[in-house]
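**Q** coords below, sequence missing:
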């Protein structure tokens, strides 16, 4: 893996390593580190928060204190293969990753049997939650919050070549700089800089892991009709990593009970956008009063956006190179932080 970059002296805090506050010990003996934002006093709810691809438990550090101020405890583990969890840089397998979350849910519910437990997942974390909550024996939780879930039913033009390459050269590293595209994951430059300089961030991806992510995205897209329990799905119409041609079919396939929340101008890393507070307010409103309209107006925005026919392009247009975050942030961040 590429070495951890050193931030400029005036931004030294961007490279800080925050130790975990707890560990989940799983059935195979793996120890999963997690950050915990504990409210003062007894929590009235808990959010088990999952990060995205190549990211870590630090994905939730900007907004988690605001949740804890509302008496909601946030528990953010590293997912296996990422952060400081076992098998860093490798793909542990979708089934194992889903099982990890199921076991973490069980441990939290055992420790806090009277406290409502919510699941939240950003990008890859959202896809993992979709597979978990689509299972017939999905855990009983108070609700699931999906933030730009990684869903994309790739066709053969992307899937087959990547499958062959991942089989022949599983440990070959790609960084995303090989692609002639520029992807904006957020409009918040400091959030992107923190992601880039964070020691827990993966800056290159093994082909094996990239193939695993592509298969996960396909499985999550197909699982959309089978989601159990209350669900809020948030999406930004400026998302360049999960484009409308990927998200719209999934939104249309989800059960009618799923709340669809569109954030105009929102990028893929919704909570880290400059308007991330709007997303958080929608999440809090849905947790506190799930039957009321979302404060951002995301309900009506989603309905109007879908009515325009956006995302109706042919499936072939979904077969594009898959950017690898956050390796593609290097030039973007370095050019603005020096």
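**A** Nice, I can see it. Just so we're clear, the structure is a prediction, and the values are computed from it rather than from any experiment.
**Q** and the gap between residue 66 and residue 59?
**A** Distance of residue 66 to residue 59, computed by C-beta to C-beta, to the nearest Å: 15 Å. (C-beta placed from N, C-alpha, C; glycine too.)
**Q** Residue 4 should be in a helix, yeah?
**A** No. When DSSP: H, G, I helix; E, B strand; the rest coil is applied, residue 4 is found to be coil, with no helix at that position.
**Q** Count the neighbours of the closest residue to residue 73 other than its chain neighbours for me.
**A** Spatial nearest neighbour of residue 73, excluding adjacent residues (C-beta to C-beta, 6 or more residues apart in numbering): residue 43 at 3.9 Å. Number of residues near residue 43 (other C-beta atoms under 10 Å) recorded here: 21.
**Q** try residue 228
**A** By other C-beta under 10 Å, neighbour count at residue 228 equals 18.
**Q** Comparing residue 66 and residue 59, which residue is more hemmed in?
**A** Higher neighbour count among residue 66 and residue 59: residue 59, with 31 against 17, using other C-beta under 10 Å.
**Q** Is the more buried one located within a helix, as I assumed?
**A** Yes. Membership of residue 59 in a helix is supported by three-state DSSP.
**Q** So it sits against residue 78, correct?
**A** No. Here residue 59 does not reach residue 78: they are 9.9 Å apart, not a contact under C-beta atoms under 8 Å.
**Q** For the chain, name the helix or strand with the lowest mean pLDDT.
**A** Lowest by mean pLDDT, DSSP states H and E among the helices and strands of the chain is helix 330-337, with a mean of 42.
**Q** so the residue nearest to residue 73, which of the three states?
**A** What three-state DSSP gives for residue 43 is coil.
**Q** Please name the residues that touch it.
**A** 71-73, 112, 115 (C-beta atoms under 8 Å, 6 or more residues apart in numbering).
**Q** Can you list the low-confidence ranges for the stretch 201-338 of the chain?
**A** 312-338 (pLDDT under 70).
**Q** any idea where the strands of it begin and end?
**A** 205-206, 231-236, 259-263 (DSSP state E, counting those that start in this stretch).
**Q** So which of the ones you listed is nearest residue 103?
**A** Closest of those to residue 103 is strand 231-236, at 21.3 Å (criterion: C-beta to C-beta).
**Q** Could you check the angle that closest one makes with strand 259-263?
**A** In terms of direction (axes from the mean of the first three to the mean of the last three C-alpha atoms, to 10 degrees), strand 231-236 departs from strand 259-263 by 20 degrees.
**Q** on that earlier part again, shared neighbours of residue 59 and residue 78, anything?
**A** residue 51.
**Q** So what touches stretch 212-228?
**A** Contacts for stretch 212-228 (C-beta under 8 Å, 6+ apart): 53, 91, 93-94, 124, 126-128, 130-131, 133-135, 138, 144, 149-154, 158-159, 162, 246, 249-251, 253-255, 258, 322.
**Q** Would you show me how to pick out the buried ones of the contacts of residue 43 in PyMOL?
**A** The PyMOL selection below is limited to those of these classed as buried (16 or more other C-beta atoms under 10 Å):
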select buried, resi 72+73+115
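**Q** The contacts of residue 43 in strands, which ones?
**A** Per DSSP state E, strands hold the following members of the contacts of residue 43: 72-73.
**Q** Quick check: of the contacts of residue 43, which lies closest to residue 287?
**A** For these, the nearest to residue 287 is residue 72 (7.3 Å; C-beta to C-beta).
**Q** can you tell me which residues contact the closest one?
**A** 39, 43-47, 284, 287.
**Q** Out of these, grab the one that's most surrounded.
**A** Counting neighbours by other C-beta under 10 Å, residue 47 leads the contacts of residue 72 with 26 neighbours.
**Q** What pLDDT does the model give residue 176?
**A** On pLDDT, residue 176 comes in at 62.
**Q** rewinding a little: which one of the contacts of residue 72 is nearest residue 108?
**A** Within the contacts of residue 72, proximity to residue 108 (C-beta to C-beta) peaks at residue 46, which comes in at 6.0 Å.
**Q** Quick check: which helices or strands does the one helix or strand the closest one maps to pack against?
**A** Per DSSP states H and E, residue 46 falls inside strand 45-50. For strand 45-50, the packing partners by 3 or more C-beta pairs under 8 Å, 6 or more residues apart in numbering; DSSP states H and E come out as strand 72-77, helix 94-111, strand 117-122, helix 124-133.
**Q** ok, residues contacting the third one?
**A** To tie it back to what came earlier, the one meant is strand 117-122. 45-52, 55, 59, 101, 105, 108-109, 127-130, 132-133, 141-149, 269-271, 283, 287.
**Q** at 6 Å what do you get?
**A** For strand 117-122, the external contacting residues (C-beta atoms under 6 Å, 6 or more residues apart in numbering) are 46-50, 52, 108-109, 129, 141-147.
**Q** on that earlier part again, which is the succeeding secondary structure element to the strand holding residue 46?
**A** Downstream of strand 45-50 (by DSSP H and E), the next one is helix 64-69.
**Q** Could you check how far that next one is from the centre of its chain?
**A** Counting by C-alpha atoms, centre = their mean, to the nearest Å, helix 64-69 is centred 18 Å from the centre of its parent chain.
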